[in-house]
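*Asks:* Quick one, what's the 3D model for this:
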Amino acid sequence: MNCELESIICDYSQGCFICKECGFVQKDSVTDYSYNQNIEQPDIDKRKSLFYTVFENLFSQFSLIFSIAIENDAKMLYEEYCLKAVRQCLLHGKNMEYMVYAFIYVSAENNNFPVTLEFITDPKIVKKLLKKCINEVKSTIGCKKEISREYGDRQLESFIVKYCNMLQYTKRMTRDIIKLIPKTEFILRKKDIVACGLIVFYKNNKSLIKPVSQVTCVSELAIKRVFNELCSK
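*Replies:* Numbers count the residues shown, from 1 in each chain. Below is the predicted model of the structure:
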């Protein structure tokens, strides 16, 4: 993109050159050479806090709700990256939006939920620079990562997403319900029934059993039994 030179500014908080008129990222990974490379813990904590803030904003914008395992792994991978990046003097001067997308991409890949760069629709993101960022993250932390199985029941998760959409629940509520999946570990019932029971349990309102049953076409009695099992845990 051909932007006027006078419109190009350096965004030190994000570590990149951008066009103040259109927001286009002209150059990623700007390094401030006046910065002391012996990065102190408060600075690391500040960058982690910024990462989590940007992560929440971007992650919630996806049209599809990604697995909670991907979200958790991405954050843990960034913690690991910070430790290694400090030793290699790589932490400073990174565009945080690029970093967040890179860690989501790597985490999804590690969780056998591969995505393409097309899942990023932000026009400000330059795919070539993002690929570079992804490769740098992979080389720093290593491509192999033990997959988190804390929220590994994708079939149950898919029913929760489906039914929450039918009930017109927000993405935030849907993600909160998905986080309750570990509570269903010893409930040996069909996944669609468990999903409905978990929705009612999240709302903590037994009167919702009938309307949830009507919307999802799942037996009221079955939902009630799952709800009671969850309440007894």
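*Asks:* Quick one: the helices in the chain, in order.
*Replies:* Ranges of helices in the chain, per DSSP state H, are 41-59, 68-87, 96-110, 127-141, 154-166, 171-178, 191-203, 209-216, 220-231.
*Asks:* what number of residues lie near the closest residue to residue 103 other than its chain neighbours?
*Replies:* Using C-beta to C-beta, 6 or more residues apart in numbering and skipping the chain neighbours, the partner closest in space to residue 103 is residue 74 (4.3 Å). The way it works is simple: take the backbone N, C-alpha and C, and place the C-beta from them, glycine included. Residues within reach of residue 74, counting by other C-beta atoms under 10 Å, total 24.
*Asks:* Please tell me how far residue 74 sits from residue 203.
*Replies:* As for residue 74, its distance to residue 203 is 28 Å (criterion: C-beta to C-beta, to the nearest Å).
*Asks:* With distance to residue 184 added, can I get the helices of the chain in a markdown table?
*Replies:* Formatted as a markdown table, the helices of the chain follow (distance: least, C-beta to C-beta, whole Å):
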| stretch | distance to residue 184 |
| --- | --- |
| helix 41-59 | 24 |
| helix 68-87 | 14 |
| helix 96-110 | 23 |
| helix 127-141 | 32 |
| helix 154-166 | 7 |
| helix 171-178 | 11 |
| helix 191-203 | 5 |
| helix 209-216 | 16 |
| helix 220-231 | 7 |
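*Asks:* With mean pLDDT added, can I get those helices in CSV?
*Replies:* Shown next, in CSV, are the helices of the chain (pLDDT from 0 to 100):
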stretch, mean pLDDT
helix 41-59, 78
helix 68-87, 79
helix 96-110, 85
helix 127-141, 86
helix 154-166, 86
helix 171-178, 86
helix 191-203, 93
helix 209-216, 94
helix 220-231, 93
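*Asks:* Relative to residue 117, which of the ones you listed is closest?
*Replies:* Ranking the helices of the chain by proximity to residue 117 (C-beta to C-beta) places helix 127-141 first, at 5.2 Å.
*Asks:* Please identify the buried residues of the closest one?
*Replies:* 129, 130, 133, 134, 136, 137, 138, 140, 141 (16 or more other C-beta atoms under 10 Å).
*Asks:* what about the nearest residue to residue 140 once chain neighbours are set aside, distance to residue 78?
*Replies:* Using C-beta to C-beta, 6+ apart and skipping the chain neighbours, the partner closest in space to residue 140 is residue 84 (5.3 Å). Computed as C-beta to C-beta, the residue 84 to residue 78 distance reads 11 Å.
*Asks:* quick one on the thing from earlier: and of the buried residues of helix 127-141, the nearest to residue 58?
*Replies:* Using C-beta to C-beta, those come closest to residue 58 at residue 130, 12.5 Å.
*Asks:* so what's the closest one up against?
*Replies:* 98, 101, 102, 117, 120 (C-beta atoms under 8 Å, 6 or more residues apart in numbering).
*Asks:* residues near residue 53, how many?
*Replies:* 12.
*Asks:* How about the contacts made by it?
*Replies:* Contacts were defined as C-beta under 8 Å, 6+ apart; by that measure residue 53 touches no other residue.
*Asks:* how far away is the residue nearest to residue 81 when sequence neighbours are not counted from residue 76?
*Replies:* Excluding its sequence neighbours, the residue lying closest to residue 81 (C-beta to C-beta, 6+ apart) is residue 141, at 5.2 Å. As judged by C-beta to C-beta, residue 141 and residue 76 stand 10 Å apart.
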